[in-house]
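J.: Sharing a model prediction with you, sequence too.
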Amino acid sequence: MNGNVVIIGCGIAGLSAALHLARQNECTIHLVSDMMSERSQSCLAEGGINAAIGPGDSPELHFEETLETGCGLADADALMAMVSAAPDIIRELDEWGVPFVKRANHSVSVRRMGGQTCARTAYTANGIGRQIMDVLIQQARRYEAEGRILRYTNWTFRALAKHDGRVCGAWLGHLDTQEMRFIPGQVIMACGGLNGFFGNATGSTANTGIAAALLFADGVPFSNLEFIQFHPTTLRLKGKNLLISESARSEGGRLFVLQGGKPYYFMEDKYPELGNLMSRDVVSREECLLIKQGAQVYLDLRGLPEKTYETTLADIVSDCILFAGIDPEKEPIPVEPGIHYFMGGIQVDRFHRSPVKGLYAAGECACQYHGANRLGGNSLLGAIHGGKTAAEAVLCSEFSIPGGFSEEKPPVPLRYFRMEPLQAIMRAGMGLERSKAQLENALNAVEKVSVPDEIRLFSRAILLSAWNRTESRGSHFRSDYPECNPAMRKSSVVQFCDGEIRFSWEAKP
Ligand SMILES: Cc1cc2nc3c(=O)[nH]c(=O)nc-3n(C[C@H](O)[C@H](O)[C@H](O)COP(=O)(O)OP(=O)(O)OC[C@H]3O[C@@H](n4cnc5c(N)ncnc54)[C@H](O)[C@@H]3O)c2cc1C
């Protein structure tokens with residue numbers, strides 16, 4: 001393949017795709033993002049990255065536990081490819097210099113995270129996301145110096161350009177100068193999650209979700225938008241929730257509420273086998289029940305081995321001290337469930353191709369690995385593997401800019417708007433527990449808020465996806481339909497077509 005590839009987003013998924021393409025030396029890569037790689041959400045990842053490299057583990061077990069956590073909605077073929085590739089991905093990252101914590105025999109050490117029966121999560125002493133990103137950024141620089149990767153930092157995605165229904169390039173807008181630029185080529189979306197639609201999330205506020213909304217308004221189908229993971233241990237700050245990573249619980253952290261002045265360790269009491277390490281939706285809902293009764297939930301990190309505070313929990317300790325004035329070595333941390341991860345996204349197949357020819361998606365903006373819920377440690381893996389797979393699919397496609405194609409006039413930029421009122425509506429409609437009445441209130445409110453049409457449309461698509469799923473499954477809990485309905489083991493698909501939002505179900509084998 002000779003030509004251009006445009007990648008929107010330079011977090012782990014975008015960099016992984018760019019590096020894979022650059023190594024093949026068959027195309028010019030245009031790496032676009034509204035912020036530099038060092039500021040992407042990927043740099044925030046703390047817990048680790050999954051691969052079946054520990055004792056007693058296997059890709060098959062990794063597959064089964066991921067599928068089970070996702071309540072049968074993950075794409076099984078895509079998932080099998082991801083878990084099979086995982087050990088090699090860790091080996092590669094290790095060779096490139098990611099400073100994984102090691103065992104005495106120099107092999108990469110793994111620890112257990114929630115929902116896993118085996119230790120499966122490779123980790124670094126601090127900031128796994130930052131450590132992986134540093135290595136990928138360094139590799140990308142070599143190709144940037146050679147002119148194989150061209151960076152467009154401070155540029156935001158504005159629109160796809162299409163010819164005969166096929167994507168032929170992307171329009172970008174410069175954030176400072178407002179200049180519009182067209183780049184021809186196939187397009188890989190790697191623009192992260194939908195934090196901007198909700199606010200108070202643990203992730204980056206730079207991930208506005210606007211790129212996704214523009215794609216949706218342009219007819220690109222999305223899948224499983226109702227599935228939003230709440231992380232059970234977040235600390236409320238102003239405008240944002242600080243993540244207290246699951247590693248805190250895998251290192252021995254315990255959740256409790258005060259009952260009669262004494263700590264009651266509710267997870268250990270109710271779930272003796274996995275206790276504090278039950279999957280995130282289970283822990284979050286248990287917390288919700290207690291919060292509704294007026295209790296404050298605490299995470300207790302006191303009394304752990306001294307070295308843990310200086311090594312594996314060093315980031316958590318310093319974040320709590322710096323941002324909330326709480327020293328976890330001495331006092332328990334008040335926590336609550338907070339929005340953390342979007343399982344749904346652009347509909348793609350196992351090769352990361354969207355149904356729109358020439359358009360691909362990888363990382364948190366895509367949909368296929370997690371189903372109804374996500375195992376901690378699987379998203380960094382999905383972003384790296386997904387970026388590579390999308391790049392491979394691009395290389396395998398026979399793409400050429402069609403004769404007679406000429407770039408049309410630039411799209412009109414979205415007018416300026418404030419997101420906060422919309423975020424409050426979306427949080428109220430799409431909380432940890434949803435109901436028909438709650439979702440309909442939010443749908444009505446969305447009609448009245450002052451936002452561009454594309455933003456309103458996509459908000460409606462998210463709310464309708466939750467409204468249509470009249471069951472509880474994984475991270476989606478409907479208080480009016482509290483049971484899982486086996487007949488609904490299907491992925492939702494939502495698309496804007498002929499001026500209306502259309503909804504369908506995709507059955508799972
Ligand atoms: C606090 C925290 C801790 C986490 N810990 C872990 C962990 O331990 N293990 C794990 O597996 N997962 C973890 N996750 C999840 C994981 O970090 C993310 O899912 C993953 O990094 C997403 O990578 P990505 O490349 O898809 O997106 P991101 O890293 O979010 O990158 C998105 C890119 O798109 C760009 N962008 C966005 N919108 C536009 C636009 N309109 N135009 C142009 N560019 C745009 C952004 O600037 C950025 O470059 C954590 C998440 C959080 C928030």
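T.: Sure thing, it's come through.

J.: Look up how far residue 233 lies from the most centrally placed residue in the chain.
T.: With distances taken as Cα atoms, centre = their mean, residue 364 lies nearest the centre of the chain, 3.4 Å away. Using Cβ to Cβ, to the nearest Å, we find residue 364 at a distance of 20 Å from residue 233. (Each C-beta comes from the backbone N, C-alpha and C, glycine too.)

J.: ok, residue 41 - contacts?
T.: 11, 129, 192-193, 195, 203-204, 206-207, 364 (Cβ atoms under 8 Å, 6 or more residues apart in numbering).

J.: switch to 10 Å and redo it
T.: By Cβ atoms under 10 Å, 6 or more residues apart in numbering, the contact set of residue 41 is 9, 11-12, 35, 129, 192-193, 195, 201-207, 363-364.

J.: what about the protein, any weak spots by pLDDT?
T.: Across the chain, residues meeting the criterion (pLDDT under 70) sit at 1-2, 402-407.

J.: ok, and the closest non-adjacent residue to the closest residue to the ligand within the stretch 401-509 of the chain?
T.: The nearest approach of the stretch 401-509 of the chain to the ligand comes at residue 414, 10.2 Å away (Cβ to the nearest ligand atom). With Cβ to Cβ, 6 or more residues apart in numbering as the measure, residue 452 is the residue that lies nearest to residue 414, at 4.7 Å, once sequence neighbours are left out.

J.: Also residue 131?
T.: Leaving out its chain neighbours, the residue that sits closest to residue 131 by Cβ to Cβ, 6+ apart is residue 124, at 4.6 Å.

J.: swap in residue 400?
T.: Spatial nearest neighbour of residue 400, chain neighbours left out: residue 3 (7.0 Å); criterion: Cβ to Cβ, 6+ apart.

J.: Hmm, the one you found is touching residue 358, no?
T.: No. Counting by Cβ atoms under 10 Å, residue 3 does not reach residue 358; the two are 11.1 Å apart.

J.: out of the two, which sits in the busier spot?
T.: Comparing residue 3 with residue 358 by other Cβ atoms under 10 Å, the one with more neighbours is residue 358, at 21 against 14.

J.: related to what we said a few turns ago, kindly list the main-chain dihedrals of the residue of the stretch 401-509 of the chain closest to the ligand?
T.: phi -60, psi 140 (degrees, to the nearest 10).

J.: That one: what's it in contact with?
T.: The contact partners of residue 414, taken as Cβ under 10 Å, 6+ apart, are 156, 158, 173, 210, 213-214, 451-455.

J.: Next, count neighbours for the residue nearest to residue 436 when sequence neighbours are not counted.
T.: Excluding its sequence neighbours, the residue lying closest to residue 436 (Cβ to Cβ, 6+ apart) is residue 480, at 5.5 Å. Burial of residue 480, expressed as a neighbour count using other Cβ under 10 Å, amounts to 13.

J.: Likewise for residue 131?
T.: Neighbourhood size, residue 131 [other Cβ under 10 Å]: 19.

J.: how about the residue nearest to residue 414, what does it touch?
T.: By Cβ under 10 Å, 6+ apart, the residues touching residue 452 are 210, 213-214, 217, 412-417.

J.: Show me which pair in those is furthest apart.
T.: The span of those, defined through Cβ to Cβ, is set by 217 and 416 at 17.7 Å.

J.: quick one: which of the two has more around it?
T.: A direct count of neighbours by other Cβ under 10 Å for residue 217 and residue 416 places residue 217 higher, at 18 against 6.

J.: on that earlier part again, distance of the residue nearest to residue 414 relative to residue 413?
T.: Distance of residue 452 to residue 413, given as Cβ to Cβ: 10 Å.

J.: and if you look at residue 23?
T.: 35 Å.

J.: can you check residue 379 too?
T.: Distance from residue 379 to residue 413, by Cβ to Cβ: 31 Å.

J.: Settle it for me: which of those two has more neighbours?
T.: The neighbour comparison of residue 379 against residue 413 (other Cβ under 10 Å) goes to residue 379, with 29 against 14.

J.: Please name the residues that touch that one.
T.: Residue 379 sits in contact with 12-13, 42, 45, 47, 49-50, 129, 193, 229, 340-343, 363-364, 369-370, 386, where contact means Cβ under 10 Å, 6+ apart.

J.: Go again with 8 Å.
T.: Contacts of residue 379 by Cβ under 8 Å, 6+ apart are 45, 341, 363-364, 369-370.

J.: I'd guess it is in a strand, am I close?
T.: No. Counting by DSSP: H, G, I helix; E, B strand; the rest coil, residue 379 is not found in a strand; it is helix.
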